[in-house]
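Student: okay, structure incoming, though there's no sequence with it:
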């Protein structure tokens, strides 16, 4: 097996990983990741980004939901920014799809704090 992914949801999944680990050659790399963001967190993020996009002018410009996602992600991760090939700037290496549940929670907290500072009101969407 050259590559395998298992999300451990049950004891049977855990046992499968243990069996695989016993059979792999020495030198095999293993990576453990925290649970990814939930679909509910993702839904809340996009709802809030949409409200911010509608309600906030950013230095005289209206940003899209996607633009705001980039702004908040860059702030959360302290992103590196480099000059673009044709002018402007580019943030490097950020994808909210790779955030853990905890990181996504931190991102939502950052969005909420920004919204409060800028008078944004949300049509409330809360985590269950």
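Tutor: Arrived safely. All values reported here derive from a predicted model rather than from experimental measurement.
Student: find the centremost residue of the chain, please.
Tutor: Centrality entry for the chain: nearest residue to the mean C-alpha point is residue 96, 2.5 Å, by CA atoms, centre = their mean.
Student: the spatially closest residue to it that is not a sequence neighbour and residue 61, how far apart?
Tutor: Spatial nearest neighbour of residue 96, excluding adjacent residues (CB to CB, 6 or more residues apart in numbering): residue 73 at 5.8 Å. C-beta here means a position set from N, CA and C on the backbone, and glycine is covered the same way. Per CB to CB, to the nearest Å, residue 73 is found 18 Å from residue 61.
Student: more neighbours: these two, which one.
Tutor: Between residue 73 and residue 61, residue 73 has the larger neighbour count (other CB atoms under 10 Å), namely 20 against 8.
Student: could you look up the SS state of that one?
Tutor: Classification of residue 73 by DSSP: H, G, I helix; E, B strand; the rest coil places it in helix.
Student: what lies in contact with the helix-or-strand element of the chain with minimal mean pLDDT?
Tutor: Using mean pLDDT, DSSP states H and E, strand 89-91 stands out as the lowest-scoring helix or strand of the chain, at a mean of 81. Here strand 89-91 makes contact (CB atoms under 8 Å, 6 or more residues apart in numbering) with 70, 73-74, 79-84.
Student: what's the offset of it from the middle of its chain?
Tutor: Centre-to-centre, strand 89-91 and its host chain are 18 Å apart (CA atoms, centre = their mean, to the nearest Å).
Student: just checking, next helix/strand downstream of that strand?
Tutor: Next helix or strand after strand 89-91 toward the C-terminus (DSSP states H and E): helix 101-117.
Student: no further queries at this time; thank you.
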